[in-house]
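>>> Sequence first, then the predicted structure, then my questions.
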Amino acid sequence: MIPFLGLIGGVLIGLVWGPHVPLALQPYLPIAVIAALDAVFGAVRAVLDGIFNDKVFVVSFLANVVVAAFIVFLGDQLGVGAQLSTGVVVVLGVRIFSNVASIRRHLFKA
Amino acid sequence: MVPTSHRDVPNPTTVPGRRPDESMTLLTSMMERPLDPGYAAAAARREREGLPPSTGTRTLVVLCAALVIGLLLTLGALALRTPSTTAAKAKAELVAQIESRRAAADRQERHLTALQAQVDQLQAKALNNGQASSLGSRLDTLANAAGAVPVKGPGLQVVLDNAPGSDTNSADGNPRTGTTSDDGKVFSKDLQIVVNGLWEAGAEAISVNGQRLTSKSAIRFAGEAILVNYRPLVRPYTISAIGDSARLQVEFADNDGGAYARALHDNYGIRVSIDRVASLALPAASSLSVRSASVPRPERTPPPTTTPSSRARQTHTQPTTPTSETSP
């Protein structure tokens, strides 16, 4: 319940406050969003597995976002930003899908 | 590094303790253990310490993280959606502006037509009032000469075109952006001389590519394009002159303009064709406006300063148009 309230609160803050993201940071946003989603689904699965740990959740979330942003930054410097972004999206996307599949098994037993 | 080719592993099944899909450990681990191993490790540690494996989700840290994640998702959605919407907004705004301007122009044109009709009506009434018919015929003559009305009749058509092989128009067909220039081109001076030759030969009305020449018309160069009445023309340049076509042809062949046209053809290969046409239709000049006007005196003598004011029309495309006051 608490995390859901937090999520909704964050969305509301974003909608109401609506801060402008600087242009220099905008290339990292999609990757950061994917990384955050990965952390969230991992956490949901951990909750269902009964092994959730708040510290691990926060650290994995921050680390995911930072590493993903760094990879994109590095790719931009090397001129392969688009390819590296694709790689990050593929890896995190696969993780998200298998976590969601396991969540589904937990919830629907199917 | 894990071998990635089957050649490097001669017979994997013979090696004990090795998985057959060892060469794909990266993919396998990604697919089989998508969960952060940190969760399992932390749970095991807590169990060793006698605590329940899960910390539960009702902690301040989780709340903060959830807040941040929600904010991040919203920001991402907002920021990445914005550019397309601003572009679309700008485009829609431009389209709306274009449409409103076009509608305004159409309205003005309808207004102009209505006013023109009104003016014609008033003029006919005023001319019918008194000594009028001499004024009316004088007005018709002046309007014809000034190019204020479309005219029709037999005449001479002179077509000038660049010499073969000197295609000076650029690929996009815009005469302003052409780059090459050589002797085989028709210049504005050539047009001027030919047109003057036609006037001299007795032409009553002349148009170049549909642009009616008036006493204030200019034929000149702008970049690579020839402008008549400030409109760029595309070749070939068709000069239509109304008059007695037989006499026009003879006189034009005799005078400087005709000689110049022949010289253009002989010396520079410019294509010149001169044809008598039984019926030519010349449009009215589009750029006339009233410069001066006066009320005709009631005396018998026709007033010298009357202008074909009521026939004069003004277009919105050329705000600084020359005017037509008297006959050329």
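Received the coordinates, thanks. From a predicted model like this one, the values you see are computed outputs, not experimental measurements.
>>> So what's the residue count around residue B:45?
Neighbours of residue B:45 under the rule other C-beta atoms under 10 Å in any protein chain shown: 12. Heads up, the C-betas are built off the backbone N, CA and C, glycines and all.
>>> Residue A:79 too?
8.
>>> From residue B:255, how far off is it?
Between residue A:79 and residue B:255 the computed distance is 71 Å (C-beta to C-beta, to the nearest Å).
>>> repeat for residue A:41
In this view, residue A:41 and residue B:255 are 92 Å apart by C-beta to C-beta.
>>> out of these two, which sits in the more crowded spot?
When neighbours are counted by other C-beta under 10 Å, residue A:41 and residue B:255 differ, and residue A:41 comes out ahead with 21 against 16.
>>> That one: which element?
Element membership of residue A:41 [criterion: DSSP states H and E] is helix A:29-49.
>>> Which other helices and strands does that helix contact?
helix A:54-78, helix A:81-108, helix B:37-48, helix B:60-129 (3 or more C-beta pairs under 8 Å, 6 or more residues apart in numbering or on different chains; DSSP states H and E).
>>> Just the buried residues of the second one, please?
Of the residues in helix A:81-108, those buried under the neighbour-count criterion (16 or more other C-beta atoms under 10 Å in any protein chain shown) are A:81, A:84-85, A:88-89, A:91-92, A:95-96, A:98-99, A:102-103.
>>> can that helix be found next to chain B?
Yes. Legend: contact between helix A:81-108 and chain B by C-beta under 8 Å from any C-beta of the partner chain is shown at A:91, A:94, A:95, A:98, A:99, A:102.
>>> So which elements touch that helix?
Right, helix A:81-108 is packed against helix A:29-49, helix A:54-78, helix B:25-32 by 3+ C-beta pairs under 8 Å, 6+ apart.
>>> just the angle between that helix and helix A:54-78, please?
160 degrees (axes from the mean of the first three to the mean of the last three C-alpha atoms, to 10 degrees).
>>> so for helix A:81-108, what's the average pLDDT?
Averaged across helix A:81-108, the pLDDT comes to 86.
>>> same deal with stretch B:128-147?
For stretch B:128-147, the per-residue pLDDT averages 73.
>>> cool, stretch B:92-106 as well?
Stretch B:92-106 shows a mean pLDDT of 91.
>>> For stretch B:247-259, which residues meet the burial criterion?
Buried residues in stretch B:247-259, counted by 16+ other C-beta under 10 Å: B:248, B:249, B:251, B:252, B:255, B:257, B:258.
>>> Spatially central residue in chain A, please.
residue A:36 (1.6 Å; C-alpha atoms, centre = their mean).
>>> what's near enough to touch it?
Counting by C-beta atoms under 8 Å, 6 or more residues apart in numbering or on different chains, residue A:36 touches A:61, A:64, A:65, B:69, B:72, B:73.
>>> Tell me which residues touch residue B:218, please.
B:227, B:228, B:229, B:230, B:322.
>>> give me the subset of those touching chain A.
Among those, proximity to chain A is found for none (C-beta under 8 Å from any C-beta).
>>> Which parts of chain B are strands?
Secondary structure of chain B (DSSP state E): strands located at B:151-161, B:205-208, B:211-212, B:219-222, B:225-228, B:231-233, B:237-242, B:271-282.
>>> Now the weakest link among the ones you listed, please, by mean pLDDT.
Of all the strands of chain B, mean pLDDT reaches its minimum on strand B:231-233 (a mean of 81).
>>> For burial, what's the neighbour tally of residue 66?
No chain in the question, so chain A it is. By other C-beta under 10 Å, the burial measure for residue A:66, its neighbour count, is 13.
>>> um, chain B though
For residue B:66, the count of nearby residues is 24 (other C-beta under 10 Å).
>>> and the residue in chain A that chain B sits nearest to, how many neighbours does it have?
For chain A and chain B, the shortest gap (C-beta to the nearest C-beta) falls at residue A:10, measuring 2.2 Å. For residue A:10, the tally of surrounding residues (other C-beta under 10 Å) stands at 23.
>>> still on that earlier bit, make JSON lines from the strands of chain B and add mean neighbour count and distance to residue B:59 to it.
Below are the strands of chain B laid out as JSON lines (neighbours: other C-beta atoms under 10 Å in any protein chain shown; distance: least, C-beta to C-beta, whole Å):
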{"stretch": "strand B:151-161", "mean neighbour count": "19", "distance to residue B:59": "87"}
{"stretch": "strand B:205-208", "mean neighbour count": "26", "distance to residue B:59": "87"}
{"stretch": "strand B:211-212", "mean neighbour count": "24", "distance to residue B:59": "83"}
{"stretch": "strand B:219-222", "mean neighbour count": "15", "distance to residue B:59": "77"}
{"stretch": "strand B:225-228", "mean neighbour count": "22", "distance to residue B:59": "77"}
{"stretch": "strand B:231-233", "mean neighbour count": "17", "distance to residue B:59": "76"}
{"stretch": "strand B:237-242", "mean neighbour count": "23", "distance to residue B:59": "86"}
{"stretch": "strand B:271-282", "mean neighbour count": "15", "distance to residue B:59": "90"}
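>>> Can you lay out the ones you listed as a markdown table showing distance to residue A:53?
Putting those into a markdown table (distance: least, C-beta to C-beta, whole Å) gives the following:
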| stretch | distance to residue A:53 |
| --- | --- |
| strand B:151-161 | 86 |
| strand B:205-208 | 87 |
| strand B:211-212 | 84 |
| strand B:219-222 | 77 |
| strand B:225-228 | 77 |
| strand B:231-233 | 76 |
| strand B:237-242 | 86 |
| strand B:271-282 | 90 |
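>>> Can I get stretch A:99-110 in PDB? Just the C-alpha atoms.
Below are the C-alpha coordinates for stretch A:99-110, written out as PDB (Å, rounded to 0.1, in the frame of the first residue of the first chain):
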ATOM      1  CA  ASN A  99      10.200 -10.700 -13.700                       C
ATOM      2  CA  VAL A 100       6.700 -10.000 -14.900                       C
ATOM      3  CA  ALA A 101       6.300 -13.600 -16.000                       C
ATOM      4  CA  SER A 102       7.300 -14.800 -12.500                       C
ATOM      5  CA  ILE A 103       5.000 -12.300 -10.900                       C
ATOM      6  CA  ARG A 104       2.200 -13.600 -13.100                       C
ATOM      7  CA  ARG A 105       3.000 -17.200 -11.900                       C
ATOM      8  CA  HIS A 106       2.800 -16.000  -8.300                       C
ATOM      9  CA  LEU A 107      -0.500 -14.100  -8.700                       C
ATOM     10  CA  PHE A 108      -2.400 -16.400 -11.100                       C
ATOM     11  CA  LYS A 109      -0.600 -19.700 -10.600                       C
ATOM     12  CA  ALA A 110      -0.300 -20.000 -14.300                       C
END
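>>> for the helices and strands packed on helix A:81-108, which one ends up most surrounded?
helix A:29-49 (a mean of 22; mean count of other C-beta atoms under 10 Å in any protein chain shown).
>>> closest to residue A:108 out of the helices and strands packed on helix A:81-108?
Closest to residue A:108 of the helices and strands packed on helix A:81-108, according to C-beta to C-beta: helix A:29-49, at 11.5 Å.
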